[in-house]
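> When you get a sec, could you give me coordinates for this:
(one chain, ligands or ions: 1)
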Amino acid sequence: MSKPDKPLKQIHLAAHFPGVNNTTVWADPEAGSQIDFSSFVHLARTAERAKFDFLFLAEGLRLREQNGLIYDLDVVGRPDTFTVLSALAAVTERLGLAGTINSTFNEPYEVARQFASLDHLSGGRAAWNVVTSWDAFTGENFRRGGFLPQDARYARAQEFLAAAKVLFGSWRGDEIVADKESGVYLGDPEAGRFDHHSEQFDITGRFNVPRSPQGRPVIFQAGDSEAGREFAAAGADAIFTRHGTLEAGKEFYADVKGRLARHGRTHDELKILPGVTFVLGDTPEEAEEKAALIRRQQVSGQTAIKLLEQVWNRDLSAYDPDGPLPDVDPDPGEHTVAKGRASVRQHGDPLAVARRYREIAEAKKLSIRDLIIEVSSRQSFIGTPESVATEINHFVQSDGSDGFILVPHLTPGGLDVFADQVVPLLQEWGVHRTEYEGTTLREHLGLSADTF
Ligand SMILES: Cc1cc2nc3c(=O)[nH]c(=O)nc-3n(C[C@H](O)[C@H](O)[C@H](O)COP(=O)(O)O)c2cc1C
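Residues are numbered from 1 along each chain as shown. Sure thing, here's the model as predicted:
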């Protein structure tokens with residue numbers, strides 16, 4: 001726990017809309033639509049009731065495929081981020097609204113315009129998670145096709161963000177006079193003028209959205225490579241990370257916070273927020289039992305085979321998920337089986353992964369399905385409300401993170417139990433707000449108002 005002379009950190013909490021990912025269970029009787037607006041409203045209102053910092057939308061710009069077919073073992077299809085967040089701005093008052101928007105396939109002018117508009121509509125609650133995307137497969141949906149190799153994407157992201165910041169900064173906020181007596185509307189004829197030239201962008205003109213309440217949206221980053229971490233340290237306000245265990249969290253936290261000084265930034269200017277799942281029960285045993293059931297819902301026999309195919313990089317449909325691992329080795333060639341998934345990149349050397357899987361399966365006598373459940377487990381907090389609140393608090397006070405982006409497994413009611421049972425404990429312990437103190441997301445996150 002924290003040293004007695006160190007004040008307790010406030011825990012930043014956010015809600016990830018449980019949409020297209022392999023933890024969302026769509027087949028549960030309690031699962032609802034991931035498209036209906038009522039689902040977004042439900043999650044947003046729960047998060048706001050629990051005084052969360054923001055609601056977070058991930059993005060995928062192409063439907064995932066496996067063996068040439070749409071991957072419908074997970075939820076399929078999602079509506080456009082700006083449309084959803086704009087509508088949510090009207091039915092919430094304080095909750096931040098964070099959208100994942102790609103810097104590889106868009107243009108700075110249109111993205112800056114959309115975020116500045118969202119910031120106006122929401123009264124200063126907009127955040128932009130700048131992602132670069134990893135695959136040419138997604139790029140095929142766009143005019144230029146799958147352009148830009150991996151290492152060039154961060155170069156573009158840096159330039160994209162720099163260009164967007166120029167656009168956001170092209171209005172100072174005092175240009176509009178709108179004096180009905182004199183008939184003068186604009187007090188500064190230079191309003192919105194910009195001129196930005198870099199390797200990727202050569203843009204000159206006028207930005208047509210006057211300065212928004214936050215000046216610019218809060219900037220998130222969500223990539224884990226060396227380039228991604230540097231990008232975050234140089235210019236992001238927060239990172240969405242996968243480092244959800246305390247040990248990995250501490251390492252990541254120290255690494256990224258350690259980079260800030262080199263960029264002339266202080267320790268508190270970048271918040272680190274791992275995406276985590278949770279399962280609650282009245283007793284530890286009940287929580288464990290529920291967690292095991294949820295894992296089996298998340299990893300059906302068919303899902304287990306499909307996930308194994310992503311490592312083996314070949315068709316394994318003839319195998320029995322309740323039987324042993326295939327005796328053939330993975331195909332070490334280029335990944336061709338699954339398209340549009342981050343996990344494909346993360347598997348690393350397939351032969352080494354297969355060897356590790358075989359060792360685990362043999363040692364624990366696991367079938368294919370049980371092995372996949374074991375190795376793909378992402379439930380970070382399992383227990384009673386009291387033990388989960390304690391663990392979350394310990395994680396943050398030990399500098400494993402500054403808070404969490406919670407990923408419920410059910411749409412849209414999956415966060416309710418957390419809001420009702422865990423949040424009140426954190427509030428009682430003085431580590432989570434009982435009321436919003438500010439109106440902007442920047443204020444919720446404890447970030448300085450000086451955005452440029
Ligand atoms: C926790 C996490 C969440 C991400 N969420 C998204 C997402 O919703 N949409 C997307 O296109 N990319 C997403 N990404 C991908 C990254 O933005 C990035 O493009 C990718 O990880 C490649 O960068 P890297 O090599 O630095 O990891 C996510 C990455 C991480 C680590």
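
> Report the secondary structure state of residue 38.
helix (DSSP: H, G, I helix; E, B strand; the rest coil).

> which intervals of the stretch 351-452 of the chain have sub-threshold pLDDT?
Where the stretch 351-452 of the chain drops to pLDDT under 70, the residues are 450-452.

> How about residue 16, nearest residue that isn't a chain neighbour?
residue 407 (4.3 Å; CB to CB, 6 or more residues apart in numbering). For every residue, glycine as well, the C-beta is placed using N, CA and C.

> Got the phi and psi for the one you found?
The phi and psi torsions at residue 407 (degrees, to the nearest 10) take the values phi -110, psi 90.

> From residue 73, how far out is it?
According to CB to CB, to the nearest Å, residue 407 and residue 73 sit 18 Å apart.

> Show me which residues of the stretch 1-150 of the chain sit near the ligand.
58, 59, 60, 100, 102, 131, 132, 133, 134 (CB under 6 Å from any ligand atom).

> Once you drop chain neighbours, what's closest to residue 99?
Leaving aside its sequence neighbours, residue 99 sits nearest to residue 81 (CB to CB, 6+ apart; 4.1 Å).

> hang on, isn't the one you found packed against residue 59?
Yes: counting by CB atoms under 8 Å, residue 59 is a contact partner of residue 81 at 5.9 Å.

> Which neighbours do those two have in common?
Taking CB atoms under 8 Å, 6 or more residues apart in numbering as the criterion, residue 81 and residue 59 both touch 99, 100, 101.

> Just the buried positions in the helix ranked longest in the chain, please.
In the chain, with assignment by DSSP state H, the single longest helix is helix 150-168. Neighbour counts over helix 150-168 (16 or more other CB atoms under 10 Å) mark 153-168 as buried.

> Output stretch 207-214 as CSV, nothing but the C-alphas.
Output of stretch 207-214 as CSV, limited to C-alpha atoms (Å, rounded to 0.1, in the frame of the first residue of the first chain):
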residue,chain,number,x,y,z
PHE,A,207,-10.6,26.1,-39.7
ASN,A,208,-14.3,26.5,-39.5
VAL,A,209,-15.0,25.5,-35.9
PRO,A,210,-14.4,28.2,-33.3
ARG,A,211,-12.4,27.3,-30.2
SER,A,212,-14.1,24.6,-28.2
PRO,A,213,-14.5,24.4,-24.4
GLN,A,214,-11.4,22.2,-23.9
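
> Run the chain-centre distance for it.
Going by CA atoms, centre = their mean, to the nearest Å, the spacing between the C-alpha centre of stretch 207-214 and its chain's C-alpha centre is 25 Å.

> can you list contacts of it?
Residues outside stretch 207-214 that contact it (CB under 8 Å, 6+ apart) are 109, 112-113, 115-117, 119-120, 123-126, 167-168, 170-173, 175-176, 191-192, 194, 440-442, 451.

> Which positions within it qualify as buried?
207, 209, 210, 211, 212, 213, 214.

> What's the mean pLDDT across the helix or strand that contains residue 304?
Using DSSP states H and E, residue 304 sits within helix 301-312. Averaged across helix 301-312, pLDDT comes to 95.

> Can you name every helix or strand that it contacts?
strand 65-66, strand 338-339, helix 342-346, helix 350-364, helix 368-375 (3 or more CB pairs under 8 Å, 6 or more residues apart in numbering; DSSP states H and E).

> distance of the residue in the stretch 251-400 of the chain that the ligand sits nearest to from residue 204?
At 5.4 Å from the ligand, residue 275 is the closest residue in the stretch 251-400 of the chain, using CB to the nearest ligand atom. Distance, residue 275 to residue 204, using CB to CB: 39 Å.

> Ok, residue 414 next?
Taken as CB to CB, the span from residue 414 to residue 204 is 47 Å.

> Then residue 352?
51 Å.

> Show me the domain layout of this structure.
Following the TED database, the chain resolves into domains at 12-283+380-445, 300-375.

> contacting residues for residue 140?
Applying CB under 8 Å, 6+ apart, we find residue 140 in contact with 62, 146.

> Quick check: phi and psi on it?
According to degrees, to the nearest 10, residue 140 has phi -60, psi -20.

> What's the separation between residue 149 and residue 228?
According to CB to CB, residue 149 and residue 228 sit 15 Å apart.

> okay, the two: which has more neighbours?
Between residue 149 and residue 228, residue 228 has the larger neighbour count (other CB atoms under 10 Å), namely 21 against 8.

> pretty sure the more buried one contacts residue 154?
Yes: assessed by CB under 8 Å, residue 228 is found in contact with residue 154 at 6.8 Å.

> shared neighbours of those two, anything?
Shared contacts of residue 228 and residue 154 (CB under 8 Å, 6+ apart): residue 132.

> which of the buried residues of stretch 207-214 are close to the ligand?
By CB under 6 Å from any ligand atom, no member of those lies near the ligand.

> So residue 124 versus the ligand, what's the distance?
Distance of residue 124 to the ligand, computed by CB to the nearest ligand atom, to the nearest Å: 23 Å.

> again with residue 225
Residue 225 sits 3 Å away from the ligand, going by CB to the nearest ligand atom.

> now do residue 139
From residue 139 over to the ligand (counting by CB to the nearest ligand atom), the distance is 11 Å.

> which residues does the closest residue to that residue other than its chain neighbours contact?
What sits nearest to residue 139 in space, not counting adjacent residues and going by CB to CB, 6+ apart, is residue 146, at 3.1 Å. Residue 146 is in contact with 135, 136, 137, 138, 139, 140, counting by CB under 8 Å, 6+ apart.

> low-scoring stretches of this protein, by residue?
Low-confidence segments of the chain (pLDDT under 70): 1-5, 342-347, 450-452.

> Mind doing that once more with 80?
1-6, 134, 150-151, 223, 335, 341-348, 378, 449-452 (pLDDT under 80).

> Count the residues that sit near residue 266.
10.
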